[in-house]
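> Build me a structure from this.
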Amino acid sequence: MYNRKKPLEEIPQADAAIWECTSDTCKGWMRDNFAFDSVPTCPICASEMVSTTRMLPLLENSNSNMKTMSKGTRI
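Residues are numbered from 1 along each chain as shown. A predicted model of the protein is given here:
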């Protein structure tokens, strides 16, 4: 009968720097501020990735020095 749910508030979005897989068959991508390498490889297919932007919801990464950490270090 009646819908008592409150309307969902709109999540703010902004242009975010991302890394996108170059393979035509792979749809892998990751946010730049969550990547461990300066130029990462695709974690799905191990292809090269290129830097681009995409409209995404805003997310804060509390660990800003992920690229300077060595691999295998616990976060």
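> and the residue nearest the centre of the chain, what are its phi and psi?
Among the residues of the chain, the smallest C-alpha distance to the mean C-alpha position (CA atoms, centre = their mean) belongs to residue 31, namely 2.4 Å. Main-chain torsions, residue 31, degrees, to the nearest 10: phi -70, psi 140.
> correct me, but residue 51 touches residue 29?
No. Between residue 51 and residue 29 no contact is recorded; they are 10.6 Å apart, counting by CB atoms under 8 Å. For the C-beta atoms, the positions are set from N, CA and C on the backbone; glycine is no exception.
> okay, and the common contacts of those two?
Contact criterion CB atoms under 8 Å, 6 or more residues apart in numbering; residues bridging residue 51 and residue 29 by contacting each: 18-20.
> give me phi/psi at residue 33?
When quoted as degrees, to the nearest 10, the phi and psi of residue 33 stand at phi -80, psi 0.
> That one: how many residues sit nearby?
By the other CB atoms under 10 Å criterion, the neighbourhood of residue 33 contains 15 residues.
> can you check residue 20 too?
When neighbours are counted by other CB under 10 Å, residue 20 registers 17.
> ok, the shared contacts of residue 51 and residue 29 vs residue 59, which is closest?
Sorting the shared contacts of residue 51 and residue 29 by how near they are to residue 59, with CB to CB, puts residue 18 at the top with 11.7 Å.
> Understood, closing this out.
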